[in-house]
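**Q** one predicted model, sequence on top.
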Amino acid sequence: MTRLIFQLGTNNWQRDGEFAPGSGILHKAHHAAFNSLPNTRAFSMYPSPTQRFVEDDVRVFELEHDIPIFETAAPGSNLGWHSMSDGEIAAYRQRLANEVDAWINAIEADHGEPMSLAIAHHAFLNPVVLADVNERRLAIGKPRIPVLCFAHGTALQMYTAAESASRDPLEFPSRFLPMMEAEGVFDATGVRAVDWVAAVTTKQVRSFNDVFDSFPLDRIVLTPNGYDQEVFAPAVHPTKAPAWRRDLMPSFITRPYEGSNVPPMPVPGDYDHYVVFSGKFAEWKRLDALLESASIWERHEKRIATIVVGGGSLADDKRYQDLAYEHYRLTDTYFLGPRDQEELALLYSAADVACFPSRNEPFGMVLIEAMACGAPVIGANSGGPKDFVNDAIGLLVLESEDTSVLGARLEAATMQAVAEDWKRTRGPSAMNYALMNFSIRAQVDQMLDQLVRERQLA
């Protein structure tokens, strides 16, 4: 018997020149990992406004607009869920349910057996759509598909940071949390209720339970996140790194925002040290604190370059580049825009330290990926990184909501990393720690084993 697994994503995969957020990258990696398991076939659907293709095991939910986003956590789109009308969301839901239902029926017909498991990425519309599909199936005598919801942190932040905290009741009214409660997908029982929830950190388990406290804790599967070992690995032996880095860095050209007075330029390869940041330009990623740090270390005798990878809306790109060049007058800081995973792996391999000062990072996959490339990591002592960062692989600095204070702490930690040559002393430990504990194959294998052993999944 072949185990058939269907995954429904909220975000696009990174392919065909379209960059992807973390949950899209993870979905793609899970798809490949499931298909590497014996007697297992995985199928995936995800939305995209640009990608158009049909493959045996992957389908695109084609959009004529941006992918709707959870506004408080992922500002890279111009379309937030809260900006959509009830009618627009209902139409989106109906069309998605139609396409999911039709493809699952075709998969089952081809294989002559029912779907074993459906996975909904994000605790929002996707589990609702899969509940709709299951109701259709039951109405015509087909078996219900067991459903696991992969509760990424960004959807939970929409409920807690935007709606529950009501930071702007006019922009973020209490709308989707009541909707999810009414849908019953996170009730303890019921035809529409998901069977399990997967979370990547103990903090996410607590966050999910805080929002949906009627869902049984014993049906939440803790599954530490994984990274793609085929992409994230040291690009060069440490003994060859200096010469390799001198040649590598000028191949990266900066990407000023549209209308900027700063011209594109190659990154010089002759700096003494490189600090790399990667992430969306969201407030909680706290790039402003890193730029505060750069304003301090650019005054040091050692020449340190700050490499910023990622972006957001045009307004966010302008905000942070202007902060760097007009406010702080930085001269050794380079904005590279979004980059694909292969390029990120090269930059992490070249970095003396990777710095991610996020506030309450849901998990911290960027830290894991940097570690896998041999880069020691520095972050803030909050959120998911508290579960895995230790003094053998990096450092988490004491939290502060004051940008100047946090920036000073990040700068002190970075200068310690440079002075003590953490790249040599902690980098190998970081790489081995990531390899032994956070591979994608190990993650999905462990998750399915838990469901089979404890939840009686066939």
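**A** Good, I have the coordinates. The shown structure was predicted, so the numbers you read here are calculated from the model rather than taken from an experiment.

**Q** for stretch 291-307, list every residue counted as buried.
**A** For stretch 291-307, the neighbour count (16 or more other Cβ atoms under 10 Å) marks 291-298, 304-307 as buried. (C-beta placed from N, C-alpha, C; glycine too.)

**Q** need the CA coordinates for stretch 419-430. CSV is fine.
**A** Taking Å, rounded to 0.1, in the frame of the first residue of the first chain, the C-alpha atoms of stretch 419-430 are listed here in CSV:
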residue,chain,number,x,y,z
ALA,A,419,38.0,39.2,18.1
GLU,A,420,37.6,35.5,19.1
ASP,A,421,37.3,34.3,15.5
TRP,A,422,34.1,32.4,16.1
LYS,A,423,34.1,31.5,12.4
ARG,A,424,37.0,29.2,13.2
THR,A,425,36.1,28.2,16.8
ARG,A,426,32.3,28.0,16.6
GLY,A,427,31.5,27.7,12.9
PRO,A,428,32.3,24.0,12.7
SER,A,429,30.2,23.2,15.8
ALA,A,430,27.3,25.2,14.3
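
**Q** show residues contacting it.
**A** 238, 241, 351-353, 370-372, 374-377, 392-394, 416-417 (Cβ atoms under 8 Å, 6 or more residues apart in numbering).

**Q** for the strand ranked longest in the chain, packing partners?
**A** Determined from DSSP state E, the single longest strand within the chain is strand 40-48. Packing partners of strand 40-48 (3 or more Cβ pairs under 8 Å, 6 or more residues apart in numbering; DSSP states H and E): strand 3-8, helix 22-36, strand 58-62, helix 86-111.

**Q** could you dump these to TSV with mean neighbour count?
**A** Below are those laid out as TSV (neighbours: other Cβ atoms under 10 Å):
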stretch	mean neighbour count
strand 3-8	23
helix 22-36	22
strand 58-62	18
helix 86-111	15
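
**Q** which residue ranges of the stretch 301-450 of the chain form helices?
**A** Secondary structure of the stretch 301-450 of the chain (DSSP state H, counting those that start in this stretch): helices located at 314-322, 341-350, 365-372, 403-419, 422-425, 427-437, 440-455.

**Q** could the buried residues of stretch 291-307 go into a markdown table alongside pLDDT?
**A** Formatted as a markdown table, the buried residues of stretch 291-307 follow (pLDDT from 0 to 100):
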| residue | pLDDT |
| --- | --- |
| 291 | 98 |
| 292 | 97 |
| 293 | 97 |
| 294 | 97 |
| 295 | 97 |
| 296 | 96 |
| 297 | 95 |
| 298 | 95 |
| 304 | 96 |
| 305 | 97 |
| 306 | 98 |
| 307 | 98 |
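
**Q** any idea which of these is closest to residue 246?
**A** Lowest distance from residue 246 to the buried residues of stretch 291-307 (Cβ to Cβ) belongs to residue 305, with 12.2 Å.

**Q** where along the stretch 251-400 of the chain do the strands fall?
**A** Remark: strands assigned in the stretch 251-400 of the chain by DSSP state E, counting those that start in this stretch are 273-278, 304-309, 333-337, 353-356, 377-380, 394-397.

**Q** now the fourth one: mean pLDDT?
**A** The average of the pLDDT scores along strand 353-356 is 97.
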